[in-house]
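Visitor: after the sequence you'll find the predicted model.
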Amino acid sequence: MKSAAQIAGEVNSGATSAVAELTRSLEAVRARNDELHVFLFVDEEGALAAARRVDDVVARGGSAGPLAGVPIAIKDNMCQRGVPTTCASKILQGWRPPYSATVVEKLLAAGAVPVGKTNLDEFAMGSSTENSAFGPTRNPLDTSRVPGGSSGGSAAAVAADMTPIAIGSDTGGSIRQPAALCGVIGVKPTYGLVSRYGLVAFASSLDQIGPFAKTVTDAATLLEVLAGHDPLDSTSLPEPSPSLVAHVGDGVAGQRVGVVRELIEGADEEVLEAVARAREALEKAGATTVELSIPELRLGLSAYYLIAPAEASSNLARYDGVRYGLRVDGDDVAAMNEATRTAGFGAEVKRRIMLGTYALSAGYYDAYYGQALKVRTQMIGAFARAYREVDLLLGATTPTVAFAFGAKTANPLSMYLSDVFTIPTNLAGEAAISVPFGTGEGGLPVGVQLLGPGRSEARLFAAARVLEIADGRP
Amino acid sequence: MTLEHGYEMVVGLEVHTELRTRSKMFCGCPNQFGAEANTNICPVCLGLPGSLPVLNVRAVELAMAIGVALHCTIAPSTFHRKNYFYPDMPKDYQISQYDLPINVGGYLDLPDASRVTIERAHLEEDTGKSTHLGGTGRLQGADRSLVDYNRSGVPLVEIVSGPDIRSSAQARAYAQELRGILIATGASDGRMEEGSMRIDANVSVRQANAALGTRCEIKNLNSLRSLQRAIDYEARRQVEMLEHGEVVRQETRHWDENLGETSTMRTKEEAEDYRYFREPDLVDLIPDQAWQDRVRAGLPAMPAERRRQLRERLNEPTEAQLDAVEVVIDLGLETLVEAAVERGADVTLAISRAANEVAAAIDEVANLTPAAFADTVLMEQHGQLSATQAKTVLGELLANGGDPRAIASQRGFEQLSTDSLEAIVDSLIEAHPDEWSRYREGDEKLAQFFVGQVMKLTRGQADGKAVIAALQQRR
């Protein structure tokens, strides 16, 4: 499969057409979507119209943008005008938003061709896509295993060569963890770098949209398109999109990298080995490395499971049957609200709404939510101290390779633990990237994680490129 | 004011005012009353999945203007979510300010020189509007409910007074003065009947100077009259309870304007837990000093100052004149009065015409230019128009605008010369000797008889005052 960069280059030069690339992508989707359940909706008609527009621009002698004719998969928690947006929840089944997310507008402006909407854990709550109300996605590398989650569909779309790039959202690891389990690159950008307008909120202070790709260059290209200030998102950073692609080849010479004990402890042996080899590769490329400990990171998981559900309990209140989506009738409005939410939400969503409601309740706020906010502040301080000593941090993305269906569904806590290494970045609002680095059990991919302070994406991509080359993908 | 059995009432008011911004608080939809249902809506004010709020800068400026006018401190503030389910609230939470409001700690001085402290004046968004059909006519138990989201996301400021009010009349005076301030700042049109100013009253009673009693909150008082009646009713109700050895429960009560009674809406135990937390979709609101200074500098004179200035122009004013001044200030008509006075009009006449004829057609006041008002008053003052004619000309100006001289001549309001008026009076005295002698003997009623006769002969073009002057000359 061609990379996004190749496709855009060939489309812009007229060597291939966007329609031809879309056709190839749709063939790949048709070949495996029934088996893998990657897409919840394939927008053949809309995609064809978008591809034709790109070809028209090129035919008139113009450049159709950095993603000209590149098929892309969009996680189904981002609004695209007129296209069903379900968040993999029965409560939004059949809803077609009357507006598009800022990222969708930006993708179209850059010439990308959205192929369809990908599966996820309901409202992005989960780490395996097993919480999708419409059935799980299978890992294209081993269909007996999960692709990770919550952006499992987007990760699988890229891993299965259905589209060279995809976008997902990362609230506690929902891009990086499935990227690691599917053997692709996944980026959680700095909070505010990419507009959240049109991303259906799970936990607003943690949610961030980011890219999936097979190459570091494609990931950087995609993030350049997605990033930049959006007047429709008050939490969007004021700066224009940073220059990223130009720095992919910068290398890591002279960079100081900290290997963080708390970001590897408890990981499987094969994962520990991958991190050790990644450390060597960075050193070989001229970085200096040091082992360090940031004990505050151990508190991340519990703080996250108070803050994220608290925000979710409020964000998901609007699904009340009054205005859109599912409505189950009741004797009065309160009964209708209750019946609708009872029927419309899955077990994990209900669990988190209850957790969050409890954490914010009078008499419990200080002990739970208030305490979690303090931990979050401590974590931000701890990261800041670490970044006075080093430029980047290195750790694992997940403790294990892709696990089997049902392995963690019985015990929510074991599922929550698969995000233990990714959550701290979200709490701190900083940036991180998961890069495939070797394989483990059954030839399944292992991801290593590079972390940096806010707005360090260029530095992260440069380091990721070093690992990409060392892993044999020049 | 002392109630029966030595009780006094303690009242604090929460006044919600809609801000007169062009667009809503967090989106670009028009902020407009009376549009067709669900036409001023978008993904943001409908709370569609994925939509995000962006704060309206003008709403912040108007909130700061209110704060400055109420002598508050403008403080670094934040937004919170107030979570509860209600169909007319599209996100099922309201974006409001909680522990860090934009305005804190001010006061409002009333015309009677009493002072009411202001605890806070904070920003929040309005909800949509529900209509319940059939059944009970309330949300629970209606056959159908319809929701109009045009009002959803309209900016509001909630002004919370201290528990400093001691009578329903003082509560009314506070609301009225506050309304004047809101209009003066440009923050509100003050139209209570359109819901752009809504009042909740916290009422408790106690033996004079004892500790505060348990309060009840009366919701959604939509006129000054309702405010005053509801407070009086509620205070009496609480006194009666206490006198019968009962305990006042803290609760929220509903005022029924037709019954003239308050009734329980929900008790303290039933009160919602709003689970307030910081709104993660908005950043902190920290107006810098330069911005505060700009708002302060742009603020016009407040009613108290304008009242003082207008009163100063009056020499030993009568009660009626003071009342007229209140009407002029309340309706913001002193620009008209000042324009007339500047051109040499008599201040009492100008105030009187503004407080009566102009006030009666206040909705049309935009048609009346200060110059046209001044000309009309001066024409009356110089005897070129009778009082009746001047009122007619003003009515015409308010309805359609125009030039008072042109209106007067169109209507045939030609000046009746003093000479011809005197000739008419003389001829009438001759024609009605009996009435004339009774008038000379002191029967003042007969002056009206002669005025009426003159009006009949002149088809209303004479000035009644001039007729009486002529009669008195001849007495």
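Guide: Arrived safely, thanks for sending.
Visitor: the residue lying farthest from the centre of chain A: what secondary structure?
Guide: Note on chain A: the largest C-alpha distance from the chain mean falls to A:Asp331, namely 40.9 Å (Cα atoms, centre = their mean). Here A:Asp331 is coil, with the state taken from DSSP: H, G, I helix; E, B strand; the rest coil.
Visitor: please apply the same query to B:Val10.
Guide: Three-state assignment for B:Val10 (three-state DSSP): strand.
Visitor: the residue farthest from the centre of chain A and chain B: what is the separation?
Guide: Here A:Asp331 is placed at a distance of 9 Å from chain B (Cβ to the nearest Cβ, to the nearest Å). For every residue, glycine as well, the C-beta is placed using N, CA and C.
Visitor: nearest residue to residue 196 other than its sequence neighbours?
Guide: Here I'm looking at chain A. If you skip the residues right next to it in sequence, A:Arg196 has A:Asp233 as its closest partner in space, 5.2 Å away by Cβ to Cβ, 6 or more residues apart in numbering or on different chains.
Visitor: actually it's chain B I care about, not the one you picked
Guide: B:Glu18 (4.3 Å).
Visitor: who does the one you found form a beta bridge with?
Guide: Going by DSSP bridges, B:Glu18 is paired in beta bridges with B:Leu156.
Visitor: hmm, back to that, assumed the residue nearest to A:Arg196 was part of a helix.
Guide: No: the assignment for A:Asp233 by three-state DSSP gives coil, which leaves it out of any helix.
Visitor: so it sits against A:Ser195, correct?
Guide: Yes: applying Cβ atoms under 8 Å as the test, A:Asp233 and A:Ser195 come out as touching, 4.4 Å apart.
Visitor: need the overlap of contacts for the two.
Guide: The overlap between the contact sets of A:Asp233 and A:Ser195 (Cβ atoms under 8 Å, 6 or more residues apart in numbering or on different chains) consists of A:Thr102.
Visitor: these two: which is more packed in?
Guide: For A:Asp233 against A:Ser195, the residue with the higher neighbour count under other Cβ atoms under 10 Å in any protein chain shown is A:Ser195, and the figures read 26 against 20.
Visitor: what residues are up against the more buried one?
Guide: Neighbour list for A:Ser195: A:Ala101, A:Thr102, A:Val103, A:Ile209, A:Gly228, A:Asp230, A:Leu232, A:Asp233, A:Ser236 [criterion: Cβ under 8 Å, 6+ apart].
Visitor: what's around B:Gly442, how many residues?
Guide: Counted with other Cβ under 10 Å, B:Gly442 comes out at 8.
Visitor: secondary structure class for it?
Guide: For B:Gly442, the secondary structure call by three-state DSSP comes out as coil.
Visitor: how close does it get to chain A?
Guide: From B:Gly442 to chain A the distance is 75 Å (Cβ to the nearest Cβ).
Visitor: and the pLDDT for that residue?
Guide: Per-residue confidence (pLDDT) for B:Gly442: 86.
Visitor: how about A:Met415?
Guide: 89.
Visitor: shouldn't A:Ser63 be in contact with A:Val11?
Guide: No: under the criterion of Cβ under 8 Å, A:Ser63 makes no contact with A:Val11, lying 9.6 Å away.
Visitor: so which of the two has more stuff around it?
Guide: Higher neighbour count among A:Ser63 and A:Val11: A:Val11, with 29 against 13, using other Cβ under 10 Å.
Visitor: so what does the more buried one have for phi and psi?
Guide: Phi and psi for A:Val11, reported as degrees, to the nearest 10, are phi -70, psi -50.
Visitor: go on, A:Lys117?
Guide: Comment: the main-chain dihedrals of A:Lys117 come out as phi -110, psi 130, following degrees, to the nearest 10.
Visitor: list phi and psi for the closest residue in space to it that isn't next to it in sequence.
Guide: On the basis of Cβ to Cβ, 6+ apart, the spatially nearest residue to A:Lys117 that is not a chain neighbour turns out to be A:Asp76, at 3.7 Å. Summarising the backbone geometry of A:Asp76 under the convention degrees, to the nearest 10, its torsions are phi -80, psi 30.
Visitor: neighbours of A:Asp76, just the number please.
Guide: In terms of burial, A:Asp76 registers 30 neighbours under the definition other Cβ under 10 Å.
Visitor: and for B:Arg144?
Guide: Taking other Cβ under 10 Å as the criterion, the count of residues near B:Arg144 is 9.
Visitor: for it, give the beta-bridge partners.
Guide: Using DSSP bridges, the bridge partners assigned to B:Arg144 are B:Leu133.
Visitor: OK, contacts around it?
Guide: Taking Cβ under 8 Å, 6+ apart, one finds B:His132, B:Leu133, B:Gly134 in contact with B:Arg144.
Visitor: and for B:Val10?
Guide: Contact criterion Cβ under 8 Å, 6+ apart gives B:Pro163, B:Ile165, B:Arg166, B:Val203, B:Ser204, B:Val205, B:Arg206, B:Leu212, B:Gly213, B:Arg215 as the residues in contact with B:Val10.
Visitor: quick check: pLDDT value at it.
Guide: Note for B:Val10: predicted pLDDT of 97.
Visitor: also B:Leu139?
Guide: If you check B:Leu139, the pLDDT there is 66.
Visitor: and what of B:Glu246?
Guide: pLDDT recorded at B:Glu246 is 95.
Visitor: can you tell me the SS state at it?
Guide: Each residue gets one of three states, and B:Glu246 gets coil by three-state DSSP.
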